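Undergrad: Predicted coordinates and the sequence they were generated for:
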Amino acid sequence: MMTIPSLVQRMTTQSLLSLTAKPISPTRSFFLSAMQPPTTRNVAVIGAGAAGLIAARELRREGHKVLVFERGDQVGGTWVYTPEVESDPIGLDPDRATVHSSMYQSLRTNLPREVMGFRDYPFVANAKEGDGERDPRRFPCHREVLMYLKEFADEFGVCESVRFEREVVFVGLVEGGKWEVKTRSQRCEDYDEVYDAVVVCNGHYSQPRIAHIPGIDTWKGKQIHSHNYRTPAPYRDQVVILIGSSASAVDISRDMAGVAKEVHIASRSLPDETFEKMSGHDNMWLHSMVKSINEDGVTVFPDGSAVRAGIILHCTGLNMMIGLLLSAVVQYLKNGESQCTWQLQRIGVPDQKHTGMSGKITI
């Protein structure tokens with residue numbers, strides 16, 4: 001078993017060094033780069049969400065040729081709300097029809113807009129009189145964030161570099177340290193191109209994490225992951241057990257409490273004896289983590305209390321998936337390298353991390 005926070009930096013560094021005639025010292029390299037204009041590279045950016053848009057703008061500013069591949073029909077990434085959900089509501093079927101965004105209709109930001117904007121393009125309230133589509137609140141709705149990202153893309157001309165409805169299906173190293181990128185259009189047209197560098201900005205938390213509950217395999221009720229929650233309407237008059245206590249659990253429990261018969265929140269961070277009614281709600285209770293589910297469908301908690309619910313909603317987060325670069329990583333490991341990192345070098349400018357990614361992965 002081997003860890004990954006150093007393979008991609010070494011892969012990228014080798015790719016760049018392979019273009020020079022002979023090795024040069026770091027000091028000489030620094031002064032040479034300061035004296036000479038950066039070499040123009042062909043760069044593929046995967047994803048036109050917030051990370052992809054800012055990466056594309058900065059690369060264009062440095063004079064590189066950039067193409068952004070976006071499988072959707074607009075910029076915005078995870079901030080593009082859709083009422084569609086996946087074919088498997090719990091997200092375990094590998095052959096399910098997937099939906100990228102986890103956005104639910106009532107979502108508002110949990111950060112103030114002042115800290116969400118780009119440094120030279122602040123996220124200010126642009127609502128005008130009579131403009132009912134904008135949300136001037138400090139913690140705005142998701143649509144306001146999407147409109148901000150669209151305005152950013154228009155302001156800096158990023159959209160002209162975006163190829164919409166083009167899904168990247170493969171990324172891999174090829175001869176000369178370059179990168180092969182295979183894409184497919186919605187009309188099933190296949191494209192195979194080679195780039196000097198690739199910036200992956202398509203997100204890496206996509207596989208639902210499900211709580212393990214003894215007896216759940218024989219339970220006859222319905223399970224759903226918060227990734228597939230959109231509105232409270234399907235939970236009207238239902239008894240729901242919601243597992244989790246982080247941001248999505250807080251939002252969704254309050255959202256559905258207005259229509260559900262009962263909402264029981266189960267959190268592993270609470271003491272076993274926890275069983276209390278939530279302040280401000282007559283139909284919402286707080287428990288420690290579910291102990292088990294009996295064959296008759298009754299859910300039992302550690303304090304001995306029991307609930308007969310029809311739905312279990314997992315607000316338990318997502319697992320990290322390295323996705324597109326996995327084939328390149330495996331290929332590199334087979335060539336004799338044992339360590340890798342997701343810290344990519346930005347071409348011609350100071351180092352830049354793989355967008356949105358930190359920590360270690362084990363394969």
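TA: Good, I have the coordinates. Numbering: from 1, shown residues only.
Undergrad: ranges for the strands of the stretch 1-150 of the chain?
TA: Under the criterion DSSP state E, counting those that start in this stretch, the stretch 1-150 of the chain contains strands at 42-46, 65-70.
Undergrad: which residue packs closest to the most centrally placed residue in the chain, ignoring adjacent ones?
TA: In the chain, the residue lying closest to the centroid (C-alpha atoms, centre = their mean) is G203, at 3.7 Å. Nearest non-adjacent residue to G203, counting by C-beta to C-beta, 6 or more residues apart in numbering: T78, 6.4 Å away. C-beta: built from backbone N, CA, C; applies to glycine.
Undergrad: quick one: contacts for the one you found?
TA: G49, H100, S101, S102, M103, G203 (C-beta atoms under 8 Å, 6 or more residues apart in numbering).
Undergrad: what's the neighbour count on the residue lying closest to P89 once chain neighbours are set aside?
TA: Nearest non-adjacent residue to P89, counting by C-beta to C-beta, 6+ apart: I224, 4.2 Å away. The local packing of I224 (other C-beta atoms under 10 Å) involves 22 other residues.
Undergrad: Kindly state the beta-bridge partners for I224.
TA: L313 (DSSP bridges).
Undergrad: Now do the contacts for it.
TA: P89, I90, I311, I312, L313, H314 are the contacts of I224 under C-beta under 8 Å, 6+ apart.
Undergrad: so how many other residues sit close to the fifth one?
TA: So the one you mean is L313. L313: 29 surrounding residues under other C-beta under 10 Å.
Undergrad: For P83, see how far away it is.
TA: Relative to P83, L313 is positioned 17 Å away (criterion: C-beta to C-beta, to the nearest Å).
Undergrad: what about the strands in the stretch 251-363 of the chain?
TA: 262-267, 275-277, 284-288, 292-293, 298-300, 306-308, 311-314, 318-320.
Undergrad: so what strands line up beside the longest one?
TA: I take that to be strand 262-267. strand 239-243 (parallel), strand 284-288 (parallel).
Undergrad: Then the fourth one?
TA: For strand 292-293, sheet partners with direction are given as strand 298-300 (antiparallel), following DSSP bridges.
Undergrad: sorry, back to before: quick one: which of the contacts of I224 has the most company?
TA: Taking other C-beta under 10 Å as the neighbour criterion, L313 ranks highest of the contacts of I224 with 29 neighbours.
Undergrad: N228 contacts P83, doesn't it?
TA: No - using C-beta atoms under 8 Å, N228 is not in contact with P83; the gap is 10.9 Å.
Undergrad: So for these two, which residue has more residues nearby?
TA: N228 (20 against 10).
Undergrad: Let me know the pLDDT of the closest residue to the more buried one other than its chain neighbours.
TA: Distances taken as C-beta to C-beta, 6+ apart put V85 closest to N228, at 4.1 Å, once the chain neighbours are dropped. What the model reports for V85 is a pLDDT of 95.
Undergrad: what's around V85, how many residues?
TA: 17.
Undergrad: Hmm, it is touching T231, no?
TA: No - applying C-beta under 8 Å, one finds V85 not in contact with T231, separated by 10.4 Å.
Undergrad: Specify the beta-bridge partners of F69.
TA: Note on F69: beta-bridge partners by DSSP bridges are I46, R163.
Undergrad: I'd say it and F170 touch.
TA: No - using C-beta under 8 Å as the test, F69 is too far from F170 to be in contact (11.7 Å).
Undergrad: Any regions of the stretch 201-350 of the chain where pLDDT drops low?
TA: 321-350 (pLDDT under 70).
Undergrad: Let's see that with 90 instead.
TA: 201-207, 218, 220, 295-297, 318-350 (pLDDT under 90).
Undergrad: Check the secondary structure at P234 for me.
TA: helix (DSSP: H, G, I helix; E, B strand; the rest coil).
Undergrad: where's it relative to V80, distance?
TA: 22 Å.
Undergrad: Those two: who's more crowded?
TA: In this view P234 and V80 are compared by other C-beta under 10 Å, and V80 has more residues nearby, 19 against 15.
Undergrad: list the contacts for that one?
TA: V80 neighbours (C-beta under 8 Å, 6+ apart): G72, Q74, H100, S101, M103, L146.
Undergrad: again, 10 Å this time
TA: By C-beta atoms under 10 Å, 6 or more residues apart in numbering, V80 lies in contact with A48, G49, G72, D73, Q74, H100, S101, M103, H142, R143, L146, L149.
Undergrad: what number of residues lie near the second one?
TA: As a burial measure, G49 scores 24 neighbours (other C-beta under 10 Å).
Undergrad: can I assume it is in contact with V200?
TA: No - applying C-beta atoms under 10 Å as the test, G49 and V200 come out as separate, 11.5 Å apart.
Undergrad: Got phi/psi on G176?
TA: phi 90, psi 10 (degrees, to the nearest 10).
Undergrad: Tell me the spacing between the closest residue to F301 other than its chain neighbours and G215.
TA: Leaving aside its chain neighbours, F301 sits nearest to H287 (4.7 Å; criterion: C-beta to C-beta, 6+ apart). Distance, H287 to G215, using C-beta to C-beta: 16 Å.
Undergrad: go on, I252?
TA: According to C-beta to C-beta, I252 and G215 sit 24 Å apart.
Undergrad: Neighbour count for the two, which is higher?
TA: I252 (24 against 16).
Undergrad: Just give the closest residue to the more buried one, not the sequence neighbours.
TA: Nearest residue to I252, sequence neighbours excluded (C-beta to C-beta, 6+ apart): Y229, at 5.6 Å.
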